[in-house]
Structures are given as C-alpha cells and as structure tokens.
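>>> structure here, sequence nowhere to be found:
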C-alpha cells in the first residue's frame, strides 16, 4: 500500500503543478490575511504593528493551514463525480491508497503555505527569537497537524453529494475552531464563557505551540508551557488520525 500511495501522491502533486490556480490559497491568501490583521487591527489591539505581528503571525499560519486542509475534500469529491475513482477500482492497488496518496501529496501545499507566510512575515518585520531547530520543529509540527486534519475534510468529501456542500460543511467546522481560539487576541481578554471553549479547542494549543517554537514563551498565554502545548497537539493528531482516517476509508469504500 505504501508504494501505491506514493505513486498516487505524485499524481496529486503533478495535478497541482498543471493547475497553478490551486496554489492561490497557499500563496496569496496568507499574505492578504497578514496584511489585513496586522496593519488594520495591529495598532488597535497591540498598540503597534510590530508587536502584533510577533503575536499574530503564528496564529495566521495555523489559520491558513486550517483553511487549506479543507480543500482536499472538495478535490476528492470532484474526482468522485468525474469517475476518477472508478478507474482506480480497476487497478491492482490497495483500496485506501487513493485517499492516503491524496493526503500525502497535499503536504506540498502545506509546506508552501507555511513557507510563504513566514517569508512574508520576515519581510515586513517578523523576527524569530528561538533556535533554528525550534523553527524547523514548528514547521514539522504544523505539517503533522495539517495531515491529520485533512482526514476530516476527506470524510466530508466522501459523504457530501457535491463539492459545494463539502466547502460549506468545511467552513462550518473551521470557523468556530479558528476564531474561537487565541489566533488574534490573548485568551485572557475573552469572556469567561468563551475562555472555557478556547481552553479545550485543539487549535488554541497548536497556536500556542507555534508561538513558543517561533517567538518564545513571552508571547504564549499565561500559565502555559511549551512542552505541555506540544503534548496537547500530538494527542489531538492521534485522535484526528485515529478517528477520522478509518471513518473516511469506510465512507470511501461505501461510496464506490
């Protein structure tokens, strides 16, 4: 199955390269989001754009990955409608290889999104206050979380009847997770009832981990530790992959 998945992952990457518009959300979107939130809200929230950039950029990376990881469900649903998976059924490959290959191929998009956001952040003034291996660790942790999160979108793509429905359902999942977190403001500034949700929201722990690995403990929420936040993220990854990958595979086999 491993070899089959790698071959289909290469197909996914080749398909992306032949359709460059698929890279818009991982190149243009993070730049726009950074400009909008840092230069429009930075002065009001943090008293200056530089201070807010240090706080917000790790959250913007996570937000970008949250949105881009939902694209895979739309693409797979479209492939189902176009009969691509009917051709896969006639090939001597593992039944789950098309899904695993698609998720693996999407790593390229995640890496581009992280790289573009960090590069643009550095250009406008973002500075790392941690070691190079912590920065690489942040990128690796983010890619791991993105891969595990993709299985949620894959499941939606297998269950929904149209690509438009996949997109709509995905936004319903992503919005409360992204904006109900410490993405743009410290958790301590939120209403008490909302802080309870933020505390258990896995996206909050991903963001805090990214802040600790990229900038340092100074921008993390009070009472948090880097090791504890990373542990939360790893547990969330195990739960996401352990629950949604089997469900997505079951839905795929049922659909075809």
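Cool, the structure landed. Keep in mind that what you see is a predicted model, and the values were worked out from it rather than measured. Numbering: from 1, shown residues only.
>>> next structured bit after the helix or strand of the chain with the lowest mean pLDDT?
Lowest on mean pLDDT, DSSP states H and E among the helices and strands of the chain sits helix 84-89, with a mean of 70. Once the chain leaves helix 84-89, the next helix or strand it forms, by DSSP states H and E, is helix 97-105.
>>> what mean pLDDT does that following helix have?
The average pLDDT within helix 97-105 is 85.
>>> what comes into contact with that helix?
Residues from elsewhere that reach helix 97-105, judged by CB atoms under 8 Å, 6 or more residues apart in numbering: 1, 4-13, 16, 72, 75-76, 85, 88, 147, 150-151, 154, 248-249, 252. Where you see a C-beta, it was placed from the backbone N, CA and C, and this is true even at glycine.
>>> stretch 7-21 now?
So stretch 7-21 is contacted by 22-23, 93, 97-98, 100-102, 104-106, 108-109 (CB under 8 Å, 6+ apart).
>>> buried ones in stretch 6-15?
8-9, 12-13 (16 or more other CB atoms under 10 Å).
>>> just curious, which of these is nearest to residue 169?
Nearest to residue 169 out of the buried residues of stretch 6-15 is residue 12 (CB to CB; 21.8 Å).
>>> in what helix or strand does the closest one lie?
helix 2-18.
>>> residue 213 too?
helix 202-214.
>>> mind giving me the packing neighbours of that helix?
Applying 3 or more CB pairs under 8 Å, 6 or more residues apart in numbering; DSSP states H and E, one finds that helix 202-214 contacts helix 49-68, helix 132-159, helix 163-179, helix 226-255.
>>> same question for it, mean pLDDT?
Mean predicted confidence for helix 202-214 is 94.
>>> work out the gap between it and the centre of the chain.
With CA atoms, centre = their mean, to the nearest Å as the basis, helix 202-214 stands 12 Å off its chain's centre.
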